[in-house]
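> Show me the folded form of this:
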Amino acid sequence: MPDDQTVPHRALLVPVKGIPLPAHFAKDFDAVSAFCPHPSDLLVASYPKSGTTWIQEIVDLLLHNGDAESCRRASIIKRNPFLEAPAHLCQRTGVALLKEMDPPRVMKTHLPFQLVPVGFWENKCKTIYVARNAKDTLVSYYYFQQMNLSGPEPGPWEGYIQKFMRGQLGWGSWYDHVKGYWEEREKRNILFLFYEDMKENPRREVEQIMKYLDLSLSDDVISRIVELTTFENMKENPMVNYTFIPKTVFDQSISRFMRKGDVGDWKNYLTAEQSAEFDEDYEKKMKQVNIPFRTQF
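Here you go, the predicted model:
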């Protein structure tokens with residue numbers, strides 16, 4: 001295993017309490033599990049490639065009254081540390097970065113509900129969870145894993161679809177992940193958002209986040225935040241688009257971190273046969289819950 005200052009090679013997946021994580025994420029998981037947040041801390045959670053960065057930037061702008069310059073004070077990974085991140089992403093682990101910051105802090109995680117440090121629930125921390133439909137998440141995650149040279153090798157597309165359906169990817173099963181937070185949302189006061197709703201009516205969703213954070217901003221400020229957090233604007237924002245990560249880790253010549261951001265892009269990748277197989281499997285795994293996902297508008 002490389003030391004903390006070197007870039008790891010493509011990682012293998014290692015089970016942590018039954019959930020597969022890339023080896024360099026699993027390595028320091030005891031420190032993550034022991035992390036104790038302040039009650040004022042905010043957690044932004046999602047399955048990978050579901051809109052986490054979008055929510056983080058909206059939250060930061062809301063907390064800074066829509067001041068774009070304040071939100072360029074540092075890269076998003078330093079402003080809102082990635083809780084379980086290894087050191088190679090930001091010179092220090094996510095936990096180390098958070099310990100250098102004073103509450104209230106905003107942080108992100110991709111951990112499924114059962115692996116989130118219990119202090120978040122014991123201290124009644126606010127949590128925003130964003131979920132994206134399975135098919136678009138599948139496509140986005142596949143392209144991300146191609147350019148993320150420190151993550152597991154994605155392999156061919158046909159096999160990747162099977163890995164997704166079986167939960168054999170980093171952070172485990174998409175199905176279990178979304179169900180876990182959905183089922184706990186009322187008990188834990190989790191604001192559960194849908195990527196598709198944000199694409200359809202971003203202003204409505206920004207206002208919903210604002211109210212959840214007990215903030216009250218002017219209409220003009222909300223309009224500015226909506227504009228600053230369009231996909232096109234964030235894609236060109238060097239503090240948000242992950243171009244601050246070395247090419248040896250994220251090779252964006254293979255695929256951009258912020259690639260398309262569309263709803264329904266899966267239609268360009270899944271064949272009719274693959275889509276039908278996926279749908280059949282989806283119905284089996286999701287039949288016990290009624291989460292209103294949309295795969296197109």
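> And the helices in the stretch 1-150 of the chain?
Using DSSP state H, counting those that start in this stretch, the helices of the stretch 1-150 of the chain run over 23-26, 29-33, 52-63, 76-79, 94-99, 119-122, 134-147.
> Work out the gap between the last one and the centre of the chain.
Helix 134-147 has its average C-alpha position 12 Å from the chain's average C-alpha position, going by Cα atoms, centre = their mean, to the nearest Å.
> Does anything pack onto it? Which helices or strands?
helix 157-166, helix 174-184, helix 272-286 (3 or more Cβ pairs under 8 Å, 6 or more residues apart in numbering; DSSP states H and E). C-beta: built from backbone N, CA, C; applies to glycine.
> if you set the cut-off to 10 Å instead, what comes out?
Secondary structure elements in contact with helix 134-147, counted by 3 or more Cβ pairs under 10 Å, 6 or more residues apart in numbering; DSSP states H and E, are helix 157-166, helix 174-184, helix 195-200, helix 272-286.
> In the second one, which residues are buried?
Going back to what we said before, that points to helix 174-184. Along helix 174-184, these residues count as buried under the neighbour rule (16 or more other Cβ atoms under 10 Å): Trp174, Tyr175, Asp176, His177, Val178, Lys179, Gly180, Tyr181, Trp182, Glu184.
> check contacts around the fifth one.
Under the criterion of Cβ atoms under 10 Å, 6 or more residues apart in numbering, the neighbours of Val178 are 46-47, 50, 112-113, 129, 131-134, 137, 192, 194, 286, 289, 291, 293.
> Read off the pLDDT value for Asp3.
Per-residue pLDDT puts Asp3 at 38.
> Also Gln145?
Reported pLDDT for Gln145: 94.
> what about it, how many neighbours?
By the criterion of other Cβ atoms under 10 Å, Gln145 has 22 neighbours.
> try Gln296
Gln296, neighbours per other Cβ under 10 Å, totals 13.
> just checking, it touches Ser275?
No: the criterion here is Cβ atoms under 10 Å, and Gln296 misses it with Ser275 at 11.6 Å.
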